[in-house]
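Chemist: Turn this into a model:
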Amino acid sequence: MAKVVVFWIMLGGLAFAFALAVQMRMMIALVLRRALKAWNPAFEDRAKANEAVMLAAAPGVFEGDFDVETKAAAEHLRSTYPNPLSHLRTARRYSLITPVLLIVVMAVGRAVLGVI
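Modeler: Okay, here's the model as predicted:
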């Protein structure tokens with residue numbers, strides 16, 4: 001009985017972590033897009049602002065074929081909002097890791113613990 005309870009607690013905790021990571025990605029990106037829109041009205045286009053947010057959140061130097069305005073916006077985000085960008089990177093990492101962990105926990109529950 002105890003292994004069933006532990007299994008469902010782990011599964012529920014991972015599902016909650018996944019939902020929280022996805023929510024944080026959406027909310028942080030939304031706030032950063034709005035900050036860009038307030039900084040420069042040229043970023044009213046959601047796709048253009050999202051491109052700048054994704055470029056700013058990418059680690060390292062700016063690589064790729066981006067226009068000067070997008071690179072300037074990404075640099076502005078990096079210098080003005082380093083903490084939200086760090087949170088966005090963390091949320092991105094967890095939204096990629098937690099589905100794999102969910103599958104592993106479900107496989108362990110099925111094959112090893114026999115609770116499913």
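
Chemist: The lengthiest helix in the chain packs against which elements?
Modeler: Scanning the chain for the helix with the most residues, using DSSP state H, yields helix 2-39. Applying 3 or more CB pairs under 8 Å, 6 or more residues apart in numbering; DSSP states H and E, one finds that helix 2-39 contacts helix 46-57, helix 68-80, helix 82-108. Yep, even glycine has a C-beta here, placed from its N, CA and C like the rest.

Chemist: Now render these as TSV, adding distance to residue 26 and mean pLDDT.
Modeler: Formatted as TSV, these follow (distance: least, CB to CB, whole Å; pLDDT from 0 to 100):
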stretch	distance to residue 26	mean pLDDT
helix 46-57	11	94
helix 68-80	17	94
helix 82-108	9	96
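
Chemist: highest average neighbour count across these?
Modeler: Across the helices and strands packed on helix 2-39, averaging neighbours per residue (mean count of other CB atoms under 10 Å) puts helix 46-57 on top, at a mean of 19.

Chemist: tell me the angle that helix makes with helix 68-80.
Modeler: Helix 46-57 runs at 50 degrees relative to helix 68-80, counting by axes from the mean of the first three to the mean of the last three CA atoms, to 10 degrees.
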